[in-house]
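# Following is a predicted model, sequence given first.
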Amino acid sequence: MAELAVAGKLIKLGYTVSWPLNEDSYDLIAERAGKLSRLQVKSATLKPKRGSYLCCLCHGRGKILRYTSKHCDFIVMYAPYRADFPDVFEDGYYVVPVSVGGKHRSSTLFPPGKGKGNIKVCKWEEYRNGWERLQE
């Protein structure tokens with residue numbers, strides 16, 4: 001579902017989207033104006049008690065591995081906010097360079113203003129809807 005949501009968003013933004021046909025370490029290829037980006041798409045899962053989403057930023061079975069530039073160019077975290085928050089009208093798409101996202105094992109996401117306690121803004125907020133990074 002996350003891959004399709006990200007692909008749909010990219011197409012609306014004017015990108016050509018392709019899926020690798022073999023077992024690559026990325027899920028999608030986004031292309032616009034001759035610039036290709038390899039995207040690893042990660043879906044976030046709602047943790048109802050916390051009211052936030054948890055997104056794993058690693059891969060592998062048994063041995064947990066972190067993503068590097070060898071695997072992909074960007075990690076795109078997808079959180080289906082609209083499905084779980086009736087007053088939020090846009091899902092969360094976080095476009096994170098692998099050089100940043102690959103340093104973390106997991107991530108906590110929540111819609112703007114929906115955090116708990118003193119934390120009202122997600123630490124990944126600067127990457128939300130950061131599609132322009134794909135063209136850098």
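Alright, I've got the coordinates.
# Find the least confident helix or strand in the protein, judged by mean pLDDT.
Each helix and strand of the chain was given a mean pLDDT (mean pLDDT, DSSP states H and E); the minimum falls on strand 58-59 at a mean of 86.
# For the strand ranked longest in the chain, which strands pair with it and how are they oriented?
The longest strand of the chain (DSSP state E) is strand 35-43. Take DSSP bridges as the rule and strand 35-43 pairs in its sheet with strand 28-32 (antiparallel), strand 74-79 (parallel).
# okay, those, which one's buried deepest?
strand 74-79 (a mean of 27; mean count of other Cβ atoms under 10 Å). Glycine gets a C-beta too; all of them are placed from N, C-alpha and C.
# contacts for that one?
For strand 74-79, contacts defined as Cβ atoms under 8 Å, 6 or more residues apart in numbering pick out 2, 5-6, 37-44, 53, 55, 57, 67, 91-98, 101-102, 107, 109-111, 124, 133-134.
# any idea of the mean pLDDT for that strand?
The pLDDT scores in strand 74-79 average 96.
# Contact partners for residue 59?
The neighbours of residue 59, taking Cβ under 8 Å, 6+ apart as the test, are 25, 40, 65, 67, 71.
# what about the helices in this structure?
For the chain, the helices defined by DSSP state H cover 2-12, 81-84, 98-101.
# Who are the packing partners of the second one?
Just to be clear, that refers to helix 81-84. Judged by 3 or more Cβ pairs under 8 Å, 6 or more residues apart in numbering; DSSP states H and E, helix 81-84 has no packing partners among the helices and strands.
# buried ones in it?
Of all the residues in helix 81-84, those buried under the rule 16 or more other Cβ atoms under 10 Å are residue 81.
# Could you export that helix as PDB, CA atoms only?
The C-alpha trace of helix 81-84 is given here as PDB (Å, rounded to 0.1, in the frame of the first residue of the first chain):
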ATOM      1  CA  TYR A  81      -2.700  10.000   8.700                       C
ATOM      2  CA  ARG A  82      -6.100  10.400   7.000                       C
ATOM      3  CA  ALA A  83      -7.100   6.900   7.900                       C
ATOM      4  CA  ASP A  84      -6.500   7.400  11.600                       C
END
